[in-house]
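Novice: The following block contains a protein sequence and its predicted model.
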Amino acid sequence: MASSSFPLSPLSSLPPNWKHHVFPSFHGADVRKSFLSHILKEFRSKGIDTFIDDDIERNKSIGPQLIDAIKGSKIGIILLSKNYASSSWCLNELVEIMKCRTELGQTVMTIFYEVDPADVKKQRKDFGKSFRKTCKGKTSDEIETWKKALEGVATIAGYHSNNWDNEAAMIEKIATDVSNMLNNSTPTRDFEELVVTGAHMEKLNYFFFECLRGSGHVGLYILPRRNMY
């Protein structure tokens, strides 16, 4: 059965610190003309705004414009492929995204495209060979930072292309999940504080029920909060 999603609100309705719905990190030579182009098309069809750095000149380190785009995106999607670690640019993007996950609470999604998560985590096989080439001439601190980011992202549950017989179905599933995640996300922390959950909800329900029964006044029923994701 096909998955469904609802149209997204325009970006203007998002909090000012969000500039994009999604920031994807990927190795262009592996995926740009195939998987990436198809998933971006699916994102557009669902109204998902995706930051693409086509106009940014690539150097060894990522600049402030790219860091702002990462910080300003609700979701970071790491598209890990065989040669992802052959690029210090990709690795530095990954470090920034993982930092935003820790410090800003950014949602991070992983797509393992024709690569095993264990190879990413342990930097082995073809993925490891690419990584070791990139590490040549780099400082030990820089290498350790990259390793920590790779180990961290490899433990995030994600989508594995090797588990799908139909790539189009996988892309549809990812786009639908992203759309639903964006639609279900709470717009501000102020609203978050108004939601009552767990034991507090049960106590309030009981309290208002007793008030209704005893006084006849109209009360308030607190609905249980649904899980966001």
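Specialist: That came in fine, so what should we check first?
Novice: and residue 67, what does it touch?
Specialist: Residue 67 is in contact with residue 96, counting by CB atoms under 8 Å, 6 or more residues apart in numbering. Using the backbone N, CA and C atoms, a C-beta is placed for each residue, glycine as well.
Novice: And it, how far from residue 159?
Specialist: Separation of residue 67 from residue 159 (CB to CB, to the nearest Å) stands at 26 Å.
Novice: and residue 22, how many residues sit next to it?
Specialist: 23 (other CB atoms under 10 Å).
Novice: who's in contact with the helix or strand containing residue 149?
Specialist: Using DSSP states H and E, residue 149 falls within helix 140-154. With contacts defined as CB under 8 Å, 6+ apart, helix 140-154 is touched by 78, 80, 85, 91, 94-95, 98, 108, 110, 117-118, 120-121, 123, 131, 134-135.
Novice: Give the partner strands of the helix or strand just after that helix in its sheet and their orientations.
Specialist: Toward the C-terminal end, the helix or strand that comes next after helix 140-154 (DSSP H and E) is strand 159-160. Strand 159-160 pairs in its sheet with strand 107-112 (parallel), by DSSP bridges.
Novice: Just the CA trace of the strand it pairs with, in CSV.
Specialist: Extracted C-alpha coordinates of strand 107-112, given in CSV (Å, rounded to 0.1, in the frame of the first residue of the first chain):
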residue,chain,number,x,y,z
THR,A,107,17.1,15.8,13.4
VAL,A,108,19.6,13.6,11.5
MET,A,109,18.6,10.9,9.1
THR,A,110,20.9,8.4,7.4
ILE,A,111,20.8,6.7,4.0
PHE,A,112,23.3,4.0,3.5
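Novice: List the buried residues in it.
Specialist: 107, 108, 109, 110, 111, 112 (16 or more other CB atoms under 10 Å).
Novice: So what sits opposite the first one in the bridge?
Specialist: Yep, that's residue 107 we're talking about. Here residue 107, judged by DSSP bridges, has bridge partners residue 75.
Novice: ok, now which ones touch it?
Specialist: 74, 75, 76, 101, 181, 229.
Novice: out of those residues, which is most surrounded?
Specialist: residue 76 (25 neighbours).
Novice: tally of neighbours for the spatially closest residue to that residue that is not a sequence neighbour?
Specialist: Distances taken as CB to CB, 6 or more residues apart in numbering place residue 97 nearest to residue 76, at 4.0 Å, with adjacent residues excluded. Residue 97: 24 surrounding residues under other CB under 10 Å.
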